[in-house]
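below is the structure, and that's it, no one-letter string:
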């Protein structure tokens with residue numbers, strides 16, 4: 001699922017994915033140039049109407065969460081990001097990410113090496129089939 005949401009709805013959804021469960025007030029506190037409380041609740045209602053968000057009432061306060069697993073949304077969002085900014089090249093995106101300031105730790109480097117190993121194996125298998 002690729003999220004094609006208006007900017008503010010996407011912002012709210014991203015806040016939910018990173019912080020759920022979360023109240024409307026807490027969402028508003030995390031928004032850039034936050035609109036009024038009622039506008040945030042409207043945005044949450046729109047996301048709920050789209051089936052992307054649900055809420056649970058606790059002591060008269062609504063806690064909001066995404067309805068899909070964050071991993072599922074992350075994959076979709078990342079695919080769209082790579083398509084938009086890196087012409088669909090995951091390798092170009094990965095190279096750009098590695099150039100960012102924080103140094104990867106040993107566990108991250110091992111995961112990257114394993115991913116490269118698997119990519120090489122897929123490429124070799126595909127080449128062998130041709």
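Done, it's in. Values in this document were obtained by computation on a predicted structure and should not be read as measured data.

now residue 103: how far from residue 109?
Residue 103 sits 9 Å away from residue 109, going by C-beta to C-beta, to the nearest Å. Quick note: C-beta positions are derived from backbone N, CA and C, even for glycine.

ditto for residue 75
Applying C-beta to C-beta, the value for residue 75 to residue 109 is 22 Å.

how about residue 7?
35 Å.

repeat for residue 128
From residue 128 across to residue 109, the span is 28 Å (C-beta to C-beta).

buried ones in stretch 85-95?
93-94 (16 or more other C-beta atoms under 10 Å).

what's the span of it, first residue to last?
By C-alpha to C-alpha, to the nearest Å, the extent of stretch 85-95 from end to end equals 13 Å.

now do whatever helix or strand residue 116 lives in: distance to the chain's middle.
Element membership for residue 116 (DSSP states H and E) is helix 106-129. Distance of helix 106-129 from the chain centroid (C-alpha atoms, centre = their mean, to the nearest Å) equals 24 Å.

more crowded one of residue 7 and residue 109?
Of the pair residue 7 and residue 109, residue 109 is the one with more neighbours under other C-beta atoms under 10 Å, namely 12 against 7.

what pLDDT does the model give the residue nearest the centre of the chain?
For the chain, residue 74 is the residue whose C-alpha lies nearest the centre (C-alpha atoms, centre = their mean; 3.6 Å). Per-residue pLDDT puts residue 74 at 75.
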